[in-house]
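Colleague: Task: produce atomic coordinates for the following.
(one chain, ligands or ions: 1)
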Amino acid sequence: MLQKAKTLDPGLMVRRCVACGYDGALLRGGHAEICARCGCNLLKRPARSYAEMEGLLGQPMTLDEPLSSPRRQERLIHRWLVFLFLTAIGFIALLYLATATFSV
Ligand SMILES: [Zn+2]
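Modeller: Modelled structure (predicted):
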């Protein structure tokens, strides 16, 4: 993807360490595992060009887990259960208030 993008400023396309900004040869175009200057773990926090960081190349900003990972699905289920629980509580409260209003 990085090779397909065109710009007048090639500096925007150079991958650099996002912790210290190092973009030297030891970074090996963003394929090194550790930044040679600051020791940042580039597997967890990969080197990015400015164009990638700004989303101009359509690549993800982080190495976030994929949509289909079990942990992400588990969090989605938890969020829905919390939503359903709070909706049920709200409905019961509304029902209680309605019966209290009409019983007077
Ligand atoms: Zn660094």
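
Colleague: So which elements touch the lowest-mean-pLDDT helix or strand in the chain?
Modeller: The helix or strand of the chain with the lowest confidence, counting by mean pLDDT, DSSP states H and E, is helix 50-53 at a mean of 85. Judged by 3 or more Cβ pairs under 8 Å, 6 or more residues apart in numbering; DSSP states H and E, helix 50-53 is in contact with no other helix or strand. Every residue, glycine included, has its C-beta placed from N, CA and C.

Colleague: Buried residues, it. List them.
Modeller: Using 16 or more other Cβ atoms under 10 Å as the test for burial, helix 50-53 gives 51-52.

Colleague: any idea which helix or strand comes after it?
Modeller: Using DSSP states H and E, the helix or strand that follows helix 50-53 in sequence is helix 70-103.

Colleague: Would you tell me which residues of this structure are close to the ion?
Modeller: With Cβ under 5 Å from the ion as the criterion, the chain meets the ion at residues 17, 19-20, 22, 35, 37-38, 40.
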